[in-house]
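Visitor: What follows is a protein structure lacking sequence information:
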C-alpha cells in the first residue's frame, strides 16, 4: 500500500489540534499555515470552535470527506479510535505524533500493537507512533515542530526526531533547504524500506540522508538500497556501534539491530555511503546539494594562507583526492600573469594580501584546464570582494571555499555566499572530506 | 632576552601607520583604540600629521622616548632602518607585520637575515617578519587585523596567521575570549620556545593552543613543553603530516620540520595533547576554558533524545569516558521522583516532552552523588526554560549541554548560554571528544 499521501495529501486533518502554543497540536497547524500548505487544513478538537482562524471539527469523521492525511497528536489511548474515524472519512495515511507507546513500557507496547492492527484492518498506513512529523517543502506540508519551509534537494529519513530536526534546521539556516523529511518514531508500520523507496523515486530529492538504529528487514533493506543508490546517493549514519548504545536501542526495541560489523559489510556491497557522525552527514549532504557536478578528483588549491593549505593537504592524504601538479601550459600562463614572488605550483600560494582580483585571475586561468576538476579556494586574510569572485565562478566547476579568520570588514561575506546557497567551510579537514565524498 | 614587552608595553609605535582603512597599518591603530589599549599609541608616518585623531611622528626616533614596542608595517626594504631607529628610541621589542621576506624568494630571505642581524645588534627581540600580529586582551593590546578584545583564558600561538585569526574569532564569537595571541610569521627570531615559556608563566593564560609547522630546536621545545605542561594544558595541531604538506612547508623554510612520526613520539613523552584538526583544537580549548574542573571521567547522560544519546554512547566508546551505572541510592531516589514510564538508568532518558523542571529535578538528584563526575545534558525537543536550568547548575559540576534541533520557540536559547560563556554543542561526537580531553 502506497505512502504517497503521507507527503502529497490534498487535505490534512490535525487530530488533537490545540490553542496552546507549546503543544505540538498547535505547532503543526501553525507550521502548516506558515509554510503555505497548498491543501486544506482541518483542525480536529471537540472542545474548540476554531484554531488559528480555522474551523475546528469535533472528529475526523465529521471533517470534510476525502481528507487524505491525518496527523494525530491526541492522548495515546485515543489514537486507536482516531484511526477508526479516519477510515470512516477515507483517510489513507496517518502520522501519529503521540508518544506513550512502545518507547515507554509494556502497556504502551500493547497499545502500539493495537494501533498497528487497526491501521492494517482499515488499510491506513501509519508513520509512527512517537513520530515527530513529516515535511514536504514542495507543497508546504510542514507537520512537525521546527518550521522547515525552505525547498532543497536533501531528503531526510530519521529514526531520531531530534537528529532529523537538527539536520533540517541546519539546512534551513544555510539556505540549502530540504525536499522532504520523515521521522518514523517507533517505526511500527512505515519503515526505512518504504521511505527510501519513496525518496528514491521522488524527483525533488537528489540526496537521501538517513539516521538509522534498527533495520527491520535486512534483505529488503539491502535490495532497496542497492536499487536506489544507483540513481542517487544515500548517506547513512548508523547509531549503535558500541555495546552500550546497542543496549540503549534494545531497551525499547529488541528486533532488527544486528551486529554493527554485519551492517558495515552489507554497506560495502551496496552503493550506500556510511558516515561517522552528524557533522559529516550534514556537511557531505551540503556539498552534494550545492556544488556543481564533479568530473573527478583532480584538485588544485588556491590560497593566501599557507597554514590553511598545509592542513588541507594533510587532510587530503589517504583520500581519493588527487592534488595534481599544474598542467605545463597552465603553469606557463600563470608565470606570465603573476609576479616572481609567487610560486607557481599546487597549492598556488598567492601573496598574503592577494586581492580578490588576483584570486579571480588565478581562478580564470586554472578553470581553462580540463585536468583540473576541482578548486579549493582558501581565503585567510580580509578580502572584501572575494565573495563576488566565488559567486561568479561557482557554477562552472566545483569550487570549495574555505574562509579562515574573518575580520570585521568582511564578516558578512560568508553570509552573503550562504544566501546564494554556496557552501563556505571554516575547517580544511571538513572541506576535504566533502570533496572526497561528493 | 625577555619578550615581556611584546605583550606588556606601556607604549606602542605603529610604524607605517596609514589613513587607508584597508591597510594593516590603519587597522592596527584602529584596533588598539577600539580595544582600549591602556598605554600610549604613537602612529609613525612621515607624510601624515595625524591618524585616527592621534598625532603622527615622522620616525620612531622622533616618537616620545621610552616607547617599548614597535609594530612595523612598512615596506620590507624599510624595516631594517626602522629597527635601527627603534634602538635610538630604546624600544626593546618589535613585531614585524611587513611581508616580502623569506616567504617570497632569495632576495627576501637575504632581507630577513639582515633584519634578524640588526635586531641582534640592537638587542631588540623581533616577532616576525610576516607576522600578522599580537594580542593581549588584559591591557587592550590588539595589534592585528581582527578585533580581538574579549578577555579569556586561552593563549594562542600560531605559525599561521589565518589559523590564529580563525581561533581568535571563534573564541570572540562564543564569548569565551582569549588571554593572548601571537603569530610568528617567518619565525626568524621569537619562536615557539619563547612563546610557550612566556604563556606558561602568564597568569591570565590557562590553556595554550598551538598551531605549528616547524620546530626550530627539538630539544629545547621538548624541554619547555615538558615543564609548562605540568602547570597547564598545551594543545598542539601540527601541520605537515603528509609528504605533500611537508613539501609546501619546505618550500619556504627547509629547517626544523623533521619527521611527523618523530614529532608524535616526542609528544607522547611530554604532557602535550595532540589534536587532529582545527575544530578539535578549538572545541577542546572551549571545553577547558569554560567547564568547571573535572574530578574524573565518570559520566551520566540525561536526555530526551534517544538518538542523541545513542550517538554520544557510540562516540564515548574507546575513550576514557566511563558511562557508569547509576549508584544504587541515586537510582532509588530517581525511582521515587519519576513516573514509571521513565527507565532509571544511564542514559537517563526522560520523556520526550520532558520540561525544564523535569531536567532540573533529575540533575539535582544526580549532582548529589560524588561518583557522578560529569553530566551530559542532551536536549532534543523544544524546551523553553532549559537554558536557565543549565545556567543555574553549571558552576557545580562539569555539565556538557548538547542541543539538537532547535525550534523557532527556543532559537535564542543556545545564544543566551553562549552569552554566559557556557559551551553548547550540536554534535554528540564533538562533545564526547571534549569530555574525553579536558
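Guide: The structure has been received and is ready for your questions. Keep in mind that what you see is a predicted model, and the values were worked out from it rather than measured.

Visitor: any idea of the mean pLDDT in stretch A:341-355?
Guide: For stretch A:341-355, mean pLDDT rounds to 86.

Visitor: which residues in the stretch 101-250 of chain A form helices?
Guide: Along the stretch 101-250 of chain A, counting by DSSP state H, counting those that start in this stretch, helices occupy A:106-122, A:161-173, A:192-201, A:218-228, A:243-252.

Visitor: Please identify the deepest-packed of those helices.
Guide: Mean neighbours per residue, mean count of other Cβ atoms under 10 Å in any protein chain shown, is largest over the helices of the stretch 101-250 of chain A for helix A:161-173, with a mean of 25. Every residue, glycine included, has its C-beta placed from N, CA and C.

Visitor: and it, is it in reach of chain B?
Guide: Yes. On the criterion Cβ under 8 Å from any Cβ of the partner chain, helix A:161-173 is in touch with chain B at A:161, A:162, A:163, A:164, A:165, A:166, A:168, A:169.

Visitor: how near is the residue lying closest to residue A:269 once chain neighbours are set aside to residue A:196?
Guide: Closest residue to residue A:269 apart from its sequence neighbours, by Cβ to Cβ, 6 or more residues apart in numbering or on different chains: residue A:222 at 7.1 Å. Plainly put, residue A:222 is 11 Å away from residue A:196 if you go by Cβ to Cβ, to the nearest Å.

Visitor: How about residue A:433?
Guide: To residue A:196, residue A:433 is 23 Å away according to Cβ to Cβ.

Visitor: With residue A:325 instead?
Guide: Counting by Cβ to Cβ, the gap from residue A:325 to residue A:196 is 42 Å.

Visitor: could you dump the helices of the stretch 101-250 of chain A to CSV with mean pLDDT?
Guide: Output for these, formatted as CSV (pLDDT from 0 to 100):
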stretch, mean pLDDT
helix A:106-122, 94
helix A:161-173, 93
helix A:192-201, 96
helix A:218-228, 90
helix A:243-252, 83
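
Visitor: any chance of these in TSV, plus distance to residue B:311?
Guide: Shown next, in TSV, are the helices of the stretch 101-250 of chain A (distance: least, Cβ to Cβ, whole Å):
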stretch	distance to residue B:311
helix A:106-122	24
helix A:161-173	8
helix A:192-201	17
helix A:218-228	20
helix A:243-252	8
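
Visitor: right, and those - which one's nearest residue A:41?
Guide: helix A:161-173 (20.6 Å; Cβ to Cβ).

Visitor: which residues touch the residue of the stretch 1-150 of chain A found nearest chain B?
Guide: Closest approach between the stretch 1-150 of chain A and chain B, counting by Cβ to the nearest Cβ: residue A:104, at 4.1 Å. For residue A:104, the contact set (Cβ atoms under 8 Å, 6 or more residues apart in numbering or on different chains) comprises residue B:341.

Visitor: Just the pLDDT for it.
Guide: Model confidence at residue A:104, given as pLDDT, is 82.

Visitor: And residue A:86, by the same measure?
Guide: Residue A:86 carries a pLDDT value of 95.

Visitor: just to confirm, which helix or strand has it in it?
Guide: Under the criterion of DSSP states H and E, residue A:86 resides in helix A:79-89.

Visitor: quick one: residue A:17 and residue A:81, what's the gap?
Guide: 16 Å.

Visitor: So these two - more neighbours on which side?
Guide: residue A:17 (28 against 14; other Cβ atoms under 10 Å in any protein chain shown).

Visitor: isn't that one right next to residue A:45, touching?
Guide: Yes. Look at residue A:17 against residue A:45 with Cβ atoms under 8 Å: they come within range, at 5.0 Å.

Visitor: Name the nearest residue to residue A:350, sequence neighbours excluded.
Guide: residue A:304 (4.9 Å).

Visitor: these two touch, right, that neighbour and residue A:378?
Guide: Yes. With contact defined as Cβ under 8 Å, residue A:304 counts as touching residue A:378 (7.3 Å).

Visitor: Check the contact lists of those two and give me the overlap.
Guide: Counting by Cβ under 8 Å, 6+ apart, the contacts common to residue A:304 and residue A:378 are residue B:162.

Visitor: which residues touch residue A:243?
Guide: Going by Cβ under 8 Å, 6+ apart, residue A:243 touches residue B:317.

Visitor: try it again with 10 Å
Guide: By Cβ atoms under 10 Å, 6 or more residues apart in numbering or on different chains, the contact set of residue A:243 is A:260, B:313, B:314, B:317.

Visitor: since we're on residue A:36, how many residues are nearby?
Guide: For residue A:36, using other Cβ under 10 Å, the count is 10.

Visitor: what's near enough to touch it?
Guide: Taking Cβ under 10 Å, 6+ apart, one finds A:139, A:140, A:142, A:149 in contact with residue A:36.

Visitor: and the third one, what does it touch?
Guide: Think residue A:142. For residue A:142, the contacting residues are A:27-28, A:30-37, A:133-136, A:148-149, A:168, A:181, by Cβ under 10 Å, 6+ apart.

Visitor: Among the residues you listed, which are located in strands?
Guide: Members of those lying in strands (criterion: DSSP state E): A:133, A:134, A:135, A:136, A:181.

Visitor: Identify the residue spatially nearest to the first one, adjacent ones excluded.
Guide: Ranked by Cβ to Cβ, 6+ apart and with sequence neighbours excluded, the top spatial neighbour of residue A:133 is residue A:144, at 2.8 Å.

Visitor: confidence score at that neighbour?
Guide: pLDDT, residue A:144: 95.

Visitor: wait, doesn't it sit right on residue A:30?
Guide: No. The pair residue A:144 / residue A:30 is not scored as a contact, 11.3 Å apart, by Cβ atoms under 10 Å.

Visitor: Between these two, which is the more surrounded one?
Guide: Taking other Cβ under 10 Å, residue A:144 and residue A:30 do not tie; residue A:144 has more neighbours (28 against 17).

Visitor: give me every residue that touches the more buried one.
Guide: For residue A:144, the residues meeting the contact criterion (Cβ under 10 Å, 6+ apart) are A:24, A:27-28, A:31, A:71, A:95, A:97, A:131-135, A:161, A:164-165, A:168, A:181-183, B:405, B:407.

Visitor: where's residue A:287 relative to residue A:274, distance?
Guide: On the measure of Cβ to Cβ, residue A:287 and residue A:274 end up 16 Å apart.

Visitor: now do residue A:388
Guide: 38 Å.

Visitor: Over to residue A:29?
Guide: In terms of Cβ to Cβ, residue A:29 sits 38 Å off from residue A:274.

Visitor: any common contacting residues for residue A:17 and residue A:45?
Guide: Common neighbours of residue A:17 and residue A:45 (criterion: Cβ under 10 Å, 6+ apart): A:25, A:29, A:51, A:56, A:57, A:73, A:74.

Visitor: pLDDT wise, what is the residue lying closest to residue A:164 once chain neighbours are set aside at?
Guide: The shortest distance from residue A:164 to any non-neighbouring residue, by Cβ to Cβ, 6+ apart, is to residue A:158 (3.6 Å). The confidence metric pLDDT takes the value 97 at residue A:158.
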